[in-house]
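**Q** Sharing a model prediction with you, sequence too.
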Amino acid sequence: MPVEVKEPSRELSGLDELERTPATETRWGRFASRLWAGTWPKVLALALVIGAWQLVFLSGRWDPWVLPSPLATWQELAAYAATPGYWEAIVITMQRALTGFALSVAIGSVLGIAVARFKPLRAAIGSLITGLQTMPSIMWFPLAILLFKISESAILFVVVLGAVPSIANGIISGIDYVPPGWKRVGAVLGMRGFQLYRHVILPATLPSFVSGLKQGWAFAWRSLMAGELLVIVAGQGSIGALMQGAREFNDAPRVITWIVTVLVVGILVDAVFRFADNRIRSSWGLNQDQ
Amino acid sequence: MPVEVKEPSRELSGLDELERTPATETRWGRFASRLWAGTWPKVLALALVIGAWQLVFLSGRWDPWVLPSPLATWQELAAYAATPGYWEAIVITMQRALTGFALSVAIGSVLGIAVARFKPLRAAIGSLITGLQTMPSIMWFPLAILLFKISESAILFVVVLGAVPSIANGIISGIDYVPPGWKRVGAVLGMRGFQLYRHVILPATLPSFVSGLKQGWAFAWRSLMAGELLVIVAGQGSIGALMQGAREFNDAPRVITWIVTVLVVGILVDAVFRFADNRIRSSWGLNQDQ
Amino acid sequence: MSLTRGAPRADAARAGAVVLTDVVKRYGRGPGAVTALDGVSLDVAPGSFTCLLGASGCGKSTLLSLVAGLDGLTSGSIDDVERPVAMMFQESALFPWLTVAGNVELALRVKGVGRAERRRRAAELLDTVRLSGFADKRPHELSGGMRQRVALARALAQDASVLLMDEPFGALDAMTRDLLHDELERIWRERGLTVLFVTHNVREAVRLGDRVVLLSSRPGRVLHEYDVDLERPRRIDSTPVANLAAEITDALREEVSRHAG
Amino acid sequence: MSLTRGAPRADAARAGAVVLTDVVKRYGRGPGAVTALDGVSLDVAPGSFTCLLGASGCGKSTLLSLVAGLDGLTSGSIDDVERPVAMMFQESALFPWLTVAGNVELALRVKGVGRAERRRRAAELLDTVRLSGFADKRPHELSGGMRQRVALARALAQDASVLLMDEPFGALDAMTRDLLHDELERIWRERGLTVLFVTHNVREAVRLGDRVVLLSSRPGRVLHEYDVDLERPRRIDSTPVANLAAEITDALREEVSRHAG
Amino acid sequence: GEDAGGSEAAAEADASTASGTIRLGYFGNITHAPALVGLQAGVFKDTLPAEVTIEETAFNAGPSAIEALFADAVDITYIGPNPAVNGWAQSGGQALHIIAGSTSGGAGLVVHESITTAEDLRGKALATPQLGNTQDVAARYWLKEQGFATDENGGGDVSVTPIDNSEVAAAFDDGTVQAAWAVEPRYSDLVLKHGAVEFVNERELWEGGEFVTTHVIVSKKFLDAQPALVKAFLEGHLAALDFIAEKPEEAQTASNDRIEALTDKRLDDAVIAAAWENLSFTADPIASSLQGSKDHAVEVGLLEDVDLKGIYALDALNQVLADRGDAEVSAGDLG
Ligand SMILES: Nc1ncnc2c1ncn2[C@@H]1O[C@H](COP(=O)(O)OP(=O)(O)OP(=O)(O)O)[C@@H](O)[C@H]1O
Ligand SMILES: Nc1ncnc2c1ncn2[C@@H]1O[C@H](COP(=O)(O)OP(=O)(O)OP(=O)(O)O)[C@@H](O)[C@H]1O
Ligand SMILES: [Mg+2]
Ligand SMILES: [Mg+2]
C-alpha cells in the first residue's frame, strides 16, 4: 500500500492555491523562496504600471509635457536624485515627520487612554476627535502662526493636530474591543488602574493601536506636506515645498519624481508597521494557518 | 441580620467612580439620566472653551481682527447661517462627500478583501496602499484633470483616492486579526471562498471595518476640502471653496464660522459611527461590564 | 462482552469512512518542533462509533483537525473521508454576532436550506440539547455548558456523514450528559453516522463507543484498541460499563505513569 | 463517614472566609431578564474546601464571579472576603501575548515579586502542573488541557487566601487529574487556603471537598449541603467516595429531572 | 496722511543708525523680483547698515503672508494688491500700510488661437486664478465692458472659472478653458509653451500703462516702533530696483537663482526674459490702479466697498527718494 505524502489541507487548498509557494526544505532555501515570494509580485506590478504608462504615452493621447514618458521621468529622477538638494529635502522632511509623529504618539496615546477611560471625557470630546480629524490642515495655519509664529513649531503643531486624532481613535477603539474576559482576569489578578492598563488593556489593544499608528502616520505626513508651506527657507528645500514648487512650475517629470519619492517613503514606513504587525500576529498565534 | 443592597462590583468601583451615573429605576428615568450623562460633559466642555477664548480675547494679546471675540463670531455665524448660501454650500459639499464616500467604501472593501485574500496581491500593492494614503490630495490634481478635466468627477476622484486606502487598510487589518478558530469553524461548516467571507470573516472584521470607515471619512472629507478648490463648478459655493475664500480674505470670524461648521458636521458623522460601533459591541457582549 | 487488545492491524483489507495511514504531524520547524502525532494508523468503519482516549496533550484534537482537513499532514495520508465533516470543537467557538439560533442555523444556511425549514430545524435541535428557551440569546449570555450544547446543536445541524467531537460533554453535569448521550446515540443510529469522539471520561467512552482507541503521549501513537461489544442501550453506571472502564483506566494509568516516570 | 443533609442554615452565628447572605443576581432588565441566583446564602469557613455542584446553567460561575467581586449583586451581600481572591476561570483566558511562563509570572509581577524570584516560582508551579518543558511556548501552541493547567498555575501563583476554581480539571484525563488532585490538596493544606470549587464530577467533589453544596437550576438556590467527613487522603475510586457520590448523584438527578419535567 | 504717524516718524528717522532685525516676507515668484534680487545678489546686505539683519520668510500665498503679519510673525512683506486690501479691510485699517511699490504690469488675457475677436469668447470658459482676486476682477470688469454678462458662479455669456495657478496650463491644454486671465510668469508660459495667444495686455487698460502687481507692506506696529528700520529697508528696496534697472541680465539670473533655492527648479530663460519684458519694477505703488481695481471689484459685485484712504504711508519712501534726488511718488487720494 503506497504511503503518499500529501499537500497540507487539501480541502482548503482550492482557496489558497494562489498563495502557495514551493516547499523547500533547507533553511536558506526557505529564506530565498520567501524573498522571491515577496519580490516577484512587486516587480510584476511595477512592470505592469510602467508598461501601461508607456502605452498611454505612445498613444499620444496627451502631450509629453503633460504626461512624460517613463524614460524621461526616470532620467529626471536619476538626475535629480544625484543632487544633494533632493536628499537634503528628504532628510529635513523626515526629521520633521518623525518628531511630529513621536509627539503625536505621545499625545494621542494619553488622550486616547483618557477618553476611553473616563465616560464624561468621552461624552465631552469623544466625537470632537473625529471632528478635528476632518479639519483640513490649512485651516490650522492661522492658529499655528498665532501660537508659534513662523517656526518649526508651527509645522509640528499642524502635524500633531493631524495625527493625534487617528492615534487616539486607534487606542479608543482597541480598548473598547478588549474582550471582557481578559479584563476580568486582570481584576482577579489584583490589577488596578495603571497596572490593568499596563499588563492587560494596552497589550490587548496593540493591534488596533498599530493600525491607528499607520493611519496617524498618513495624516501626519499629509499635514506635513501642507505645513511645510508655512516655513519655506531658501536653500533648505523640504519635500512639501519642493513638491509644491514642481507643481507651480507644471513640471510633470519633477512632479512625478516627488510622487514616486513620497510613495517610496510611504512604502518603507509601511514596511515598519507591517513588521510590527506580523510580530504581533505571530506571537498571538494568528497567522498559523497560512 | 441586616440585608444590605450593595453597589455593584465594589472592588472595581474605585476605578470607575467617575463613570457612575445615579441609579434610577423607571424606564423614563433611565433614559433621562443617560441623556443627561451624555450632555452635561459636552456643555461643560463648550463652556470651558468659550470661556477660555473670551479670556484670551479680553487679555488683548491679539488684535480683534486676528482673534475675534466669541460674541462677534457668534453674530457672524448666526447672520451667515441665515443666508441660503451657507446651507447650499453644506448641501453641495455633503452630497459630494456622501457620493465619494459611498464610492470609496465600495472600492475600498473590494480592494481590501482582495489584498487580504491573495498573498501575491498583498506583496505587490499592500504597502502601496499606505504609500498612497500619505500622498497629499493636491498631488492628485494633475492626474484628476488629465482623466476627468475640470468636473465633479475630478473631485470625486481625489476624494476616492483619499478615502480608499483607509477603508482597505481597515478591512485588511480586520481580516488579519480574525481568530483562526472562527475560520476553522467556517471551514468545518463547509464554507468556501465567498461564503466564508460572507458568514465569518466579514462579520468578524466589522469592528475594524467601522474604524476604517471612520478614518476613511476623515480622509474623504479632507480630500474634498482640497478638491473643492479644484473645481468651482457652475459655481454654487461649496464648503471647501467658501472656507478657502474666507481665508483669502483673512476674514477671521468667517474662518471660525467654517471651522465650527466643519467640526459640527464631523461630530454628527461621528455620532453615526459611534452608534454603529455601540450596536456591534453590545451584540458581541463587549460592553456588559459598564 | 468480548475484548480485543488491538495489535497493529494488517494493512490489507482496509476500507472505511476514515482511514488514517502512518499519519505524522509536526508543529513548527527546527529545534522547537513538536511531534504531536507519529505514525498513527486507524481505520474507522462507516457507521461506527469510535472513542479516542489519551492523556492531556497527546494529540487527540490534532488528530480530529487532520481528519477534518483543517491542518496539513506532515506525512502519511487520510483517505475516504467524505467532506465536509461535522465537527464540534473543544472550545465552543460560537460566533458572537449571531444569536444562539443564528449560530445553529448558519450550518444549514451554508447548505442552502430555506429560511422556514432552517428555523424549524434549529428549534428542533435546540430542543434536543435542552435549550429551547434560549434561541434568541447571544452566546455571551450563556453559561459554559450551554455554549457547548449550542456547539453540539450546530454540529448536528450539519447533517454530515462523519461527526467529529472533541470533548463535547466536558462542561456538563452528569444528568444533562446522560440525556445527551441518549440523544447522540439515537441520532447516530438514525442517521448511520460515523462518529469520532474524544473524551477524558473512560466510562463515557465505553458507554458510547463501538470501539475505544487509546493514544500514547509525545509522540502520539495508537497504543491499544478495545472493541466494546456491550449490548445497547447501555447505562453509564451499569456494571459491565464500569468493568471495562476500569480495565481501560488501568491501561491508561500505566501509560501515563510510564510517560511521567 | 457521616452525612448531613443540609437543612437551610440558621442565620445566627455565621462567620467565615466567605459569607453570602440572600444573594440575588439578575442579568438584564425587563422581560428578557434572567435570574441566575435567587437568595443564595452560604457560609464558607476559613480553610475549608467547598465544592459546588449543579446542572449546567444553574449559576455556579455566576456565584464565583460575585465572590471574586467581578460582577455586581442585584441584592444581598457578600462579606468577609479577603480580596483579591485567586480565581481560575472556566475558559482558561490566558493572554496570547505572553508565553506560558509569562502568564504565570504575571500574577507574581502584579504583586511586585522580583524577576529572579518570579522565574523560580513560575518554574516550580509549571512543574506542579506537569508542564515544565512548556515555559517558553505560547498559549496557542498548547492543547486545551495544557491551557487549563497553565491557568491553574497562574491561580496558584496568586497566593491568595481564597481560591475560586471553575471546573478546573474538566479538560484533563483521569490520570493527570488524579495527580493534580493530590497537588491541590497538598497546597490547600500547606497554605491553609479557603477553596470554592465548581465541578460536574461528583466523585471529584467528594474526593476533594469538606463540604459539597448542591445548587438548583433557574433560579439558582442552595438545594442541599453535604458534609464530607471521609478521612484524607482519599482516593477517587475508593468505595466510600463512590457511595457518597452515588447518593449525591441521585439527589442531583432528581433535581434535574424535576426541572426538566 | 493723518493716519500715518509712523510713516512721518520713519521719514524723519536716520536710517544709517538703524539696528535690529527685520522679518521680511516675500514669494518665490518673478513678480517679487526686487526681493529676490535684494536677497540673492546681496543688495540688501550691502545697502543696509551692518547692525540690521534680515530674517527672511518665503510664503506661498497672500493669505499666509497676511496671517503672519497679523500674528506679528513678519514685519514687512512683498505682496499683491488684493491681500493687502483684504488685510486693510479686515483690520479696519489698523494693521498695515503700503510703504512702496515694487512691480507693475505682467498680466492679461491669453486665448486659444481659434479666438480672434472678443465676440468669439461668447460661450467659452475663461480661467482666473481665484474668485475675487486682482485678475478675476480685471477679467470680469473687462468682460463687462465688452458687453458680456458674468456671474460668480461661472454662468453668463462667458464662464469665468477659478482655477488654481498650477492647474491652469493643464486646463488650457485639455480644452476645459479657452482663455485665461493670467499673471507672470504664467502669462508668458502659456504663450511660449502652450500655444496661447496674447489677446489683451492689461497695460492697455490702465492709464499710463502701469498697474500694481506687487507692492511692499509693513505692519503698523513695526512702522510705529521701528521707523529707522523701515527707512533702512526702503533704501535697500530702492537699491534692488536700481540693480534690476542697471543689470537686467544679472537681476534675471539672481531671481532665477533664488527661485531655484526655494523650489529646486529654474524658470525657463525664455519665460523669464519674456516675463521681464512684460513687467516693470518701480517704487511707485501706482495708487490710482489700486483704487481703480477696488472700484472695479465693487462694480462687478465682488467686494463690499472699503475706504482705502490712509492705506499708503509713503513719507518714508519719499524722504529716501528725495535724499537720492529722485522724484517723489504720490498716494493720490489714499495717502
Ligand atoms: N452575561 C450574562 N448575561 C445574561 N445572562 C447570563 C450572563 N451570564 C450568565 N447568564 C445566565 O445566567 C445563568 C447562569 O449562568 P452560569 O454561567 O453561572 O452557569 P453555570 O452554573 O456556570 O453553568 P455551567 O455549568 O454550564 O458553566 C444562565 O442561565 C445564563 O444564561
Ligand atoms: N498550533 C500548535 N503549535 C504548536 N504546537 C501545538 C499546536 N497545537 C498543538 N500543539 C502541540 O501538540 C500536542 C498535541 O496537542 P492536542 O491539542 O492535539 O492535544 P490533545 O490530545 O487534544 O490534549 P487535550 O486533551 O489537553 O485537549 C501538544 O503537545 C501541543 O503542545
Ligand atoms: Mg484537545
Ligand atoms: Mg459555568
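**A** Arrived safely. Ligands and ions are numbered 1, 2, ... in the order given.
**Q** where do the helices sit along the chain?
**A** Answering for chain A, as no chain was given. For chain A, the helices defined by DSSP state H occupy A:10-16, A:27-59, A:70-81, A:84-117, A:119-121, A:127-133, A:141-148, A:152-176, A:180-188, A:193-196, A:202-227, A:239-248, A:252-284.
**Q** meant chain E actually
**A** Under DSSP H, chain E gives helices at E:5-12, E:33-40, E:43-47, E:62-70, E:81-90, E:134-145, E:165-173, E:186-193, E:220-225, E:227-246, E:248-263, E:269-278, E:287-299, E:315-324.
**Q** do chain C as well
**A** Going by DSSP H, chain C shows helices at C:60-67, C:100-110, C:115-128, C:144-158, C:174-191, C:202-208, C:239-260.
**Q** hmm, who's touching the third one?
**A** To tie it back to what came earlier, the one meant is helix C:115-128. C:100-101, C:104-105, C:108-109, C:113, C:132, C:134-135, C:150, C:153, C:156-157, C:183, C:187 (C-beta atoms under 8 Å, 6 or more residues apart in numbering or on different chains). Just so you know, the C-beta spots here come from the backbone N, C-alpha and C atoms, and that holds for glycine as well.
**Q** Out of these, who's the most crowded?
**A** residue C:104 (31 neighbours; other C-beta atoms under 10 Å in any protein chain shown).
**Q** wait, isn't it in contact with residue C:157?
**A** Yes - the pair residue C:104 and residue C:157 qualifies as a contact (C-beta atoms under 8 Å) at a distance of 5.3 Å.
**Q** Check the residue of the stretch 101-250 of chain A found nearest chain C and give its pLDDT.
**A** Among the residues of the stretch 101-250 of chain A, residue A:180 lies closest to chain C, at 8.1 Å counting by C-beta to the nearest C-beta. Residue A:180 carries a pLDDT score of 86 in this model.
**Q** Over to the one 5 residues further on?
**A** Among the per-residue scores, residue A:185 shows a pLDDT of 90.
**Q** residues contacting it?
**A** Residues counted as contacts of residue A:185 (C-beta under 8 Å, 6+ apart) are A:200, D:89, D:93, D:95.
**Q** and the two most separated of these?
**A** A:200 and D:89 (13.8 Å; C-beta to C-beta).
**Q** Looking at the two, which one has more neighbours?
**A** A direct count of neighbours by other C-beta under 10 Å for residue A:200 and residue D:89 places residue D:89 higher, at 26 against 22.
**Q** residues contacting that one?
**A** A:181, A:184, A:185, A:188, D:151, D:166 are the contacts of residue D:89 under C-beta under 8 Å, 6+ apart.
**Q** which one of the residues you listed is nearest ligand 4?
**A** residue D:166 (5.8 Å; C-beta to the ion).
**Q** And the contacts of helix C:115-128, which two are furthest apart?
**A** Greatest spatial distance in those: C:109 and C:183, 23.1 Å, computed using C-beta to C-beta.
**Q** residue ranges with poor pLDDT in the stretch 1-150 of chain A?
**A** A:1-27 (pLDDT under 70).
**Q** Output stretch A:59-69 as PDB - backbone C-alpha positions only.
**A** Taking Å, rounded to 0.1, in the frame of the first residue of the first chain, the C-alpha atoms of stretch A:59-69 are listed here in PDB:
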ATOM      1  CA  SER A  59      -0.900  56.500 -27.800                       C
ATOM      2  CA  GLY A  60      -0.200  60.200 -27.900                       C
ATOM      3  CA  ARG A  61      -3.400  61.000 -26.100                       C
ATOM      4  CA  TRP A  62      -1.600  63.500 -24.000                       C
ATOM      5  CA  ASP A  63       1.300  65.800 -24.900                       C
ATOM      6  CA  PRO A  64       4.700  64.800 -23.400                       C
ATOM      7  CA  TRP A  65       4.800  67.900 -21.200                       C
ATOM      8  CA  VAL A  66       1.500  66.800 -19.700                       C
ATOM      9  CA  LEU A  67       2.300  63.100 -19.400                       C
ATOM     10  CA  PRO A  68       6.000  62.500 -19.800                       C
ATOM     11  CA  SER A  69       7.400  59.100 -20.900                       C
END
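**Q** Please work out which residues outside that stretch touch it.
**A** By C-beta under 8 Å, 6+ apart, stretch A:59-69 touches A:54, A:56-57, A:72, A:76, A:250, A:252-253, A:256, B:146, E:170, E:173-174, E:193.
**Q** Now with 7 Å, please.
**A** Here stretch A:59-69 makes contact (C-beta atoms under 7 Å, 6 or more residues apart in numbering or on different chains) with A:54, A:56, A:57, A:252, A:253, A:256, B:146, E:170, E:173.
**Q** so how far is stretch A:57-70 from its chain's centroid?
**A** Its chain's C-alpha centre and that of stretch A:57-70 lie 31 Å apart, by C-alpha atoms, centre = their mean, to the nearest Å.
**Q** what residues are up against residue E:106?
**A** Contact analysis of residue E:106 by C-beta under 7 Å, 6+ apart lists E:31, E:183, E:184, E:187, E:213, E:275, E:278, E:279.
**Q** Please name the residues that touch the first one.
**A** For residue E:31, the set of contacting residues under the criterion of C-beta under 7 Å, 6+ apart consists of E:103, E:106, E:183, E:184, E:213, E:214, E:279.
**Q** from the residues you listed, which is closest to chain B?
**A** Among the contacts of residue E:31, residue E:183 lies closest to chain B (C-beta to the nearest C-beta), at 15.5 Å.
**Q** what's the neighbour count on the closest one?
**A** 28.
**Q** what's the spacing between it and residue C:53?
**A** Applying C-beta to C-beta, to the nearest Å, the value for residue E:183 to residue C:53 is 89 Å.
**Q** Can you verify my assumption that residue C:226 contacts residue C:206?
**A** No - the pair residue C:226 / residue C:206 is not scored as a contact, 8.3 Å apart, by C-beta atoms under 7 Å.
**Q** Pull up the overlap in contacts between these two.
**A** residue C:212.
**Q** Which one's more surrounded, these two?
**A** Shown here are residue C:226 and residue C:206; by other C-beta under 10 Å, residue C:206 has more neighbours (27 against 24).
**Q** Let me see the contact set for the closest residue to chain C within the stretch 201-335 of chain E.
**A** When distances are taken as C-beta to the nearest C-beta, the stretch 201-335 of chain E reaches nearest to chain C at residue E:264, 50.8 Å away. Residues near residue E:264 by C-beta under 7 Å, 6+ apart: A:85, A:237, A:242, A:245.
**Q** again, only using 8 Å
**A** So residue E:264 contacts A:80, A:83, A:85, A:86, A:89, A:237, A:242, A:245, A:246 (C-beta under 8 Å, 6+ apart).
**Q** Could you do residue C:173 as well?
**A** Residue C:173 touches C:145, D:53, D:54, D:55, D:56, D:200, D:252, D:256, counting by C-beta under 8 Å, 6+ apart.
**Q** Go through those residues and name the one nearest ligand 4.
**A** residue C:145 (6.4 Å).
**Q** How about the closest one: what's its closest non-neighbour residue?
**A** residue D:56 (3.0 Å; C-beta to C-beta, 6 or more residues apart in numbering or on different chains).
**Q** Distance of the one you found relative to residue C:134?
**A** Residue D:56 is 12 Å from residue C:134, by C-beta to C-beta.
**Q** Now the common contact residues for those two.
**A** Contacts common to residue D:56 and residue C:134, judged by C-beta under 8 Å, 6+ apart, are residue C:146.
**Q** which residues does residue A:151 contact?
**A** Residues residue A:231 are the ones in contact with residue A:151 under the rule C-beta under 8 Å, 6+ apart.
**Q** give me the number of residues near the residue of the stretch 51-200 of chain A at minimum distance from ligand 1?
**A** The minimum distance from the stretch 51-200 of chain A to ligand 1, using C-beta to the nearest ligand atom, falls at residue A:180 (8.9 Å). Residue A:180 has 16 neighbouring residues, counting by other C-beta under 10 Å.
**Q** repeat for residue C:230
**A** Using other C-beta under 10 Å: residue C:230 sits among 18 other residues.
**Q** That one and residue C:206 touch, don't they?
**A** Yes - contact criterion C-beta under 8 Å: residue C:230 and residue C:206 qualify, at 7.4 Å.
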